[in-house]
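S.K.: I would like to see how this sequence folds:
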Amino acid sequence: HSNLQWKPTARHEESKYRVLNLCDVPLVLEFQSQHKKGLWTEVAPTGAEWLSLDTWILPYFADSLTVRKDGCAESWPLPLDSGRGAVTVPGFSGVFAELLTPHPAYRVLLLSSALRIHNATDLPLAVRFHEGGAKPGQTS
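M.R.: Residues are numbered from 1 along each chain as shown. Okay, the predicted model is just below:
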């Protein structure tokens, strides 16, 4: 079987499946389909700009996907039909692939760490992380 690889497509408001890679490295997505083998793509960090995954999912009726960091094992399959679920990304400490349904018209695959901060205020939020051995007032 030949491997099909395309780059994630541009943003289209009609896109049913979208991906956000908030990690600092590219991650490989492999799609499972009864109709086509070898469907995969590498998703570079996207920041807040989501990309469409419809090219791999819709034409081939893909029912799940796996995620991996280059050179590492793949995750457990993440079903696409439920619209919800999460798997850890092996070899990448604390990183998850989570399928969300923020709106009935589309789903978002969020590739990120487990720690997320959502600022629902009108004020900027300053966050400071201290290392375990740091003294109060020192930051890393």
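
S.K.: for the residue minimising distance to the centre of the chain, list each beta-bridge partner.
M.R.: Nearest to the geometric centre of the chain sits Leu111, at 2.7 Å (Cα atoms, centre = their mean). Beta-bridge partners recorded for Leu111 (DSSP bridges): Asn21, Ala97.

S.K.: got the contact list for it?
M.R.: 19-23, 27, 43, 67, 89, 95-97 (Cβ atoms under 8 Å, 6 or more residues apart in numbering). For the C-beta atoms, the positions are set from N, CA and C on the backbone; glycine is no exception.

S.K.: and it, how close does it get to Asp24?
M.R.: In this view, Leu111 and Asp24 are 11 Å apart by Cβ to Cβ, to the nearest Å.

S.K.: next one: Phe61
M.R.: 33 Å.

S.K.: and the contacts of Leu111, which are buried?
M.R.: Listed as buried from those are 19-21, 23, 27, 43, 67, 89, 95-97; burial here means 16 or more other Cβ atoms under 10 Å.

S.K.: out of those, who's nearest His103?
M.R.: Ranked by distance to His103 (Cβ to Cβ), the buried ones among the contacts of Leu111 are led by Leu20 at 14.2 Å.

S.K.: measure that closest one to Gly38 for me?
M.R.: Note on Leu20: its distance to Gly38, by Cβ to Cβ, is 24 Å.

S.K.: tell me what the helix or strand hosting Val67 is packed against?
M.R.: Using DSSP states H and E, Val67 sits in strand 64-69. With contacts defined as 3 or more Cβ pairs under 8 Å, 6 or more residues apart in numbering; DSSP states H and E, strand 64-69 has these neighbours: strand 27-32, strand 78-79, strand 95-103.

S.K.: phi and psi next, for Thr55.
M.R.: Backbone torsions of Thr55, given as degrees, to the nearest 10, read phi -60, psi -40.
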